[in-house]
Every structure is written in structure tokens, then in C-alpha cells.
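Novice: missing the sequence, but the structure's below:
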């Protein structure tokens, strides 16, 4: 589909000056459209990952419009502190081309920047504050009204029973024998897998709006002041637990090594980075989180790391059909890495809980 024809379908202001490929995302093809007074981001939705674009875009519009209202009430700048999506000329939330391709668009936030890695605890703390603010502002949003764009995304017990165990049952014997230590590691921690979902189903913690992809590069920062502006990439916004977002942030951002580092002696949890993120997150979300949620923040880092490692191991057992790999044992290396991080988190859980209490 000609991207110029796609742009013409949206209710943009002015005339197009240029449209170019933009960014380095792995899921959606992205373009930047310069219309003079404003620039717009156009994205082709990956419908092989997000199979129901109507539900996806209903979620995105509902959450961003609610955020815009909350930001305006508090005297903030809604043009910069949330994404502002643009409808098509016929008032639809996305454009569907004749060939079935689906596109959506939002206003580009000028003078903003993203970072792929946190090169300082202070930057990681700012991202924690951004995701904490996201939780606080959506604290009263009716999470049940959102659709699950990826069902059972952080239901760790479901992944254990319906994906991991099935992968073991059907795996090649040689492959299975090559990772017995790792499969035993997961099996020995089965009792952890349903803790958060049980707290939700038992009414001990509330169902909340969760982002589910809380990497640093999903936060927009002001280019000059480096102040965290907005949380972006809202495709995986779904009903869930705030613990999912906190735990996955720690898993990815507080590890001392990349998630495919094969030298496991380099893999550990940085308590300095953990404290920085927790301080930022709780400075914003602390007023809306319940006592039980706070008591499980440290544990969530362990669970989300275990879940991620289990997913890597499952894919290895299945013949590397989901995650992109650079060599045959890449997913096994990733799984070993995540399990080394789980073990280190287990050794530091008491200290992590003390940090949360101190904050």
C-alpha cells in the first residue's frame, strides 16, 4: 500500500511535505509524516501479532483519551504527556486498506527522545516515575472494559500448564536432555506461578490497567531537560496487575547483563538500580497502590523473570518458532540467563523488601 495514500485517509492538518520511514521497532512498520505545522506518526499494525485491530484501537483510544482528561485536570500539557491519536476522515480509529493492511496515526511529540538503556540509576528512576504516573492517572479507569489484545499474556500458571508442559511432552529427546537442569529449575518453582493471578481472582489486589511492555525505550523524554514526558507503545495495554509492569521493568532494567549474555557470572540484580526504579515508581503510584501490592513488588521481579525465562525455554523446546534467534541454542542461553537472575533475586529478596518498606 502506498504510504501517501494511507496518509490521505487520516484527518491531518495541512498538506504533506514528506513521509519517511521512522524508528527501529520490531513489531509495527512506522513512518513520520511532515505536514508543516505538525508532524504525525503513521504505523502499520502487525495483525499477525494483534489479530483484532478493532479491540486494539478501542483500548488505545479509551486509555489515551482518559489520560488526556486527567492531565488537563491536573494542569499538565496533554499535547506532550500522552499520545494523541488521530482518526480517519470518516471518523474511524484506524484505516483499513483494500488489501487488508491496517494503519493508525498519532501526533508526533516534538523535541522528545527515547533511550534504549539506562546508563544511570537517575535515568532509570525517571522511567519508574513515568510508569508510576501511568498507574496513578489510570487508577480509577475501569480496567475490565479493556480487551485482552494478547490473551493470558502474564498468566504465568497458564503459560506453565498450557505451553511449557506441552513443549516438554513433545520435545525432541536430545533437545530435552540438553536442558534438563533448566526444566527442573522451572518445575521446582511451579508454586510461584499463580501467586499474582490468585491475588487478583481472590480480590486481594485490584485489576488495573497495565502497560505490559515497560522497557525504558517506551518512555518519551524531553530532549532538553530529560524530564520523562509520556509512556508510549500502548499496543499491549490490557487488564492486569501493576505488579506485572513493575516486575518486568526490574527484570529488564536492573539486570547487570543483557538478557542473552552467556557468561552467567555477569548476571545479577543491581540493588542500586532496583532502589532507583522503586523510588521513582512509588513516588507517583504509591498513593494508589494497596498494601498487598506494595508487599509483592519485590516478588514480582522474581516472577516476571521466571516467566520470561520459561518462555525462552519453551521456545527452545519447540524448535525456536516464536522468538528470533541468531543461533540454535540462543533461546537456551537466554533461559539460563534469566534463571541465573531469578536465583540472584531470590538471594536478595529480603533486602529488596526492606528497600520497598523504606520507601
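Specialist: Yes, it's here. On a predicted model such as this, the values are computed, not experimentally measured, just so you know.
Novice: For the closest residue to residue 330 other than its chain neighbours, give its distance to residue 181.
Specialist: Leaving aside its sequence neighbours, residue 330 sits nearest to residue 260 (C-beta to C-beta, 6 or more residues apart in numbering; 6.5 Å). Quick note: C-beta positions are derived from backbone N, CA and C, even for glycine. Per C-beta to C-beta, to the nearest Å, residue 260 is found 18 Å from residue 181.
Novice: ok, the two, which is more surrounded?
Specialist: Using other C-beta atoms under 10 Å, the more surrounded residue of residue 260 and residue 181 is residue 260, with 15 against 9.
Novice: Tell me how far residue 305 lies from residue 245.
Specialist: On the measure of C-beta to C-beta, residue 305 and residue 245 end up 14 Å apart.
Novice: I misspoke; the intended subject was residue 146.
Specialist: Residue 146 is 14 Å from residue 245, by C-beta to C-beta.
Novice: More neighbours: which of the two?
Specialist: Neighbours were counted for residue 146 and for residue 245 using other C-beta under 10 Å; residue 245 has more, 27 against 21.
Novice: Which helix in this structure has the most residues?
Specialist: Counting by DSSP state H, the longest helix found in the chain is helix 330-358.
Novice: what packs against that helix?
Specialist: Using 3 or more C-beta pairs under 8 Å, 6 or more residues apart in numbering; DSSP states H and E, the elements in contact with helix 330-358 are helix 180-187, helix 271-285, helix 291-295, helix 297-317.
Novice: just the angle between it and helix 297-317, please?
Specialist: Counting by axes from the mean of the first three to the mean of the last three C-alpha atoms, to 10 degrees, helix 330-358 lies at 170 degrees to helix 297-317.
Novice: Helix 330-358: which residues count as buried?
Specialist: Judged by neighbour count using 16 or more other C-beta atoms under 10 Å, the buried positions of helix 330-358 are 330-345, 348, 352-353, 355-356.
Novice: thought residue 128 was touching residue 273?
Specialist: No: if you go by C-beta atoms under 8 Å, residue 128 and residue 273 don't touch, sitting 9.7 Å apart.
Novice: returning to what we had before: would you format the helices and strands packed on helix 330-358 as TSV with distance to residue 64 and mean pLDDT included?
Specialist: Formatted as TSV, the helices and strands packed on helix 330-358 follow (distance: least, C-beta to C-beta, whole Å; pLDDT from 0 to 100):
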stretch	distance to residue 64	mean pLDDT
helix 180-187	37	98
helix 271-285	18	98
helix 291-295	24	98
helix 297-317	25	98
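Novice: which of those helices is buried the deepest?
Specialist: Most buried of those, by mean neighbour count (mean count of other C-beta atoms under 10 Å): helix 297-317, with a mean of 25.
Novice: and residue 134, how far is that from residue 68?
Specialist: 13 Å.
Novice: neighbour-wise, which of these two wins?
Specialist: residue 134 (27 against 18).
Novice: Could you verify my assumption that the more buried one touches residue 211?
Specialist: Yes: counting by C-beta under 8 Å, residue 134 touches residue 211, with 6.3 Å between them.
Novice: shared neighbours of the two, which are they?
Specialist: Residues touching both residue 134 and residue 211 comprise 231, 245, with contact defined as C-beta atoms under 8 Å, 6 or more residues apart in numbering.
Novice: got the angle for the longest helix of the chain vs helix 271-285?
Specialist: With the same axes, to 10 degrees applied, the angle from helix 330-358 to helix 271-285 works out at 60 degrees.
Novice: Lovely, talk soon.
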